[in-house]
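mind folding the following:
(one chain, ligands or ions: 1)
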Amino acid sequence: MSLTEIKPATQPKHFLSTQDWQWDELSALIDHAIQLKSNPIQPLLKGKSIALVFFNPSLRTRASFDIGANQLGAHAVVLEPGSGSWEMAFNEGEIMDGPAEEHAKEAARVLSRYCDIIAVRAFPKFQDWSIDRQDRVLNAFATHATVPIINMETITHPCQELAHLMTLREHFGTNDLRGKKYVLTWTYHPKPLNTAVANSAALIATRAGMDVTMLCPNEHYLLDERYMNAASNNAAQSGGSFSVSHDINAAYEDADIVYAKSWGAIPFFGNWDAEKPIRDQHKHFIVDEAKMALTNNAAFSHCLPARRNIKATDAVMDSPNSLIIEEAENRLHAQKALMAAIASTNH
Ligand code: CP
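Residues are numbered from 1 along each chain as shown. Take a look at the predicted model:
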């Protein structure tokens, strides 16, 4: 048998993208998360374990998964490949003559013997989008693990989507967000950032049937066609809409929700010096009081971390309409519901 044939007989139910889950399943997770928020300590995962594999830094994701697992009676182990655990290779057929000491094929299968869930954070390398868009690290774990895999942010951030949706439902006091005008706005940031949260915001807002406008400086900042097309298809199915605008005033006009995020322009992957002069011309995309005044008393949110007075002003970040802390809190509740829903029954 060749190494490429070493695969689990049946695939566990992973959480790699919300697009793989039915809308009713996502809604049920949010309903359970709201219950857990009012009754947080429950032995739903008593005796179980989760491995949190971080290839990149985190505050919210790391703390909320670790604490959430503990609150449900589970044990969480944090692993940081290349810093405290072995540097890892993940490409199929790789000749491992570089710094990596082990392959994801072994890591995924070994952790599957210890744990009931494996969660993975692996950002793009920002050198070649044609490679990064393959999400090789996450897919290597999903292929070779025999327990469910959770995406803790790779090229999408589905856990953030759950928290975002939960927060909007709480804020508006309804599960039905259809017809809300939702603005996903690009903002300036001194460095090119991951498109993951923008991809995810476009996916979940269109699944929810909102009228979604993606505001960005120009066509260079369009998302990968995979997510642009998925957002359009979602909107067609949910009865919402998905459009792109480069007009700040028109986009903010009568908005009910403003969700801010910065991301790097995909055509400039690996050539960021060429993007910088374009990026530097668009510092005025900052979310400020004047723009928010154009809206329908819109809620503001951001996934965090966010650079104050670069992405959004202090006045917006600290306004009564700002949901940034609520959304961060809801990561905890939503991920507990997720872990309880998918934990392996193997152990
Ligand atoms: N929003 C989010 O994922 O935060 P961290 O990067 O701090 O985990």
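
and the gap between whichever residue of the stretch 201-347 of the chain sits closest to the ligand and I204?
Nearest to the ligand in the stretch 201-347 of the chain, going by CB to the nearest ligand atom, is C303, at a distance of 4.0 Å. Any C-beta I mention is one placed from the backbone N, CA and C, and that applies to glycine too. Per CB to CB, to the nearest Å, C303 is found 12 Å from I204.

spit out the contact partners of the residue of the stretch 201-347 of the chain closest to the ligand.
If you count contacts by CB atoms under 8 Å, 6 or more residues apart in numbering, C303 has them with 157, 160, 164, 197, 261, 327.

go again using 10 Å as the cut-off
60, 153, 157, 159-161, 163-164, 196-198, 200-201, 259-261, 324, 327-328, 331 (CB atoms under 10 Å, 6 or more residues apart in numbering).

filter those down to the ones in strands?
Among these, the members falling in strands (DSSP state E) are 259-261.

now, of those residues, which are buried?
Burial by neighbour count, judged by 16 or more other CB atoms under 10 Å, picks out 259-261 from the ones in strands among the contacts of C303.

close to the ligand: what parts of the stretch 201-347 of the chain are there?
Proximity of the stretch 201-347 of the chain to the ligand (CB under 6 Å from any ligand atom) is limited to residues 303-305.

reformat these as JSON lines; add pLDDT and secondary structure.
JSON lines is the format used below for those (pLDDT from 0 to 100; DSSP: H, G, I helix; E, B strand; the rest coil):
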{"residue": "C303", "pLDDT": "98", "secondary structure": "coil"}
{"residue": "L304", "pLDDT": "98", "secondary structure": "coil"}
{"residue": "P305", "pLDDT": "98", "secondary structure": "coil"}
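
would you map the helices across the stretch 51-200 of the chain?
Under the criterion DSSP state H, counting those that start in this stretch, the stretch 51-200 of the chain contains helices at 60-71, 104-114, 129-132, 136-144, 158-172, 196-207.

quick one: average confidence on stretch 335-347?
Here stretch 335-347 scores 86 as its mean pLDDT.

stretch 21-35 now?
The average pLDDT for stretch 21-35 rounds to 97.

circling back: common neighbours of C303 and I204, please.
Listed as contacting both C303 and I204 by CB under 10 Å, 6+ apart are 157, 160-161, 164, 259.

and these, which are buried?
157, 160-161, 164, 259.

can you pull up the most central residue in this protein?
Residue closest to the mean C-alpha point of the chain, counted by CA atoms, centre = their mean, is H157 at 1.2 Å.

quick check: pLDDT value at that residue.
H157 is given a pLDDT of 98.

okay, it and D247: tell me how far apart.
The gap separating H157 from D247 is 27 Å, by CB to CB.

how close does K181 get to the ligand?
24 Å (CB to the nearest ligand atom, to the nearest Å).

repeat for K46
K46 is 26 Å from the ligand, by CB to the nearest ligand atom.

ok so that residue is a strand residue?
No - secondary structure of K46 (DSSP: H, G, I helix; E, B strand; the rest coil): coil, not part of a strand.

for this structure, what's the longest helix?
Scanning the chain for the longest helix, with DSSP state H as the assignment, gives helix 324-342.

so which bits of that one are buried?
For helix 324-342, using 16+ other CB under 10 Å, the buried residues are 324, 326-342.

what's the domain layout of the chain?
Listed by automatic domain parsing, the domain ranges of the chain are 3-156+331-343, 160-327.

okay, how far is it across the longest one, tip to tip?
Read it as domain 160-327. Counting by CA to CA, to the nearest Å, you get 8 Å between the two ends of domain 160-327.

same question for stretch 93-110.
Stretch 93-110 stretches 19 Å from its first residue to its last (CA to CA).

chain center to it, what's the gap?
Stretch 93-110 sits 26 Å away from the centroid of its parent chain (CA atoms, centre = their mean, to the nearest Å).

count the neighbours of W23 for me.
Close neighbours of W23, defined as other CB atoms under 10 Å, add up to 14.
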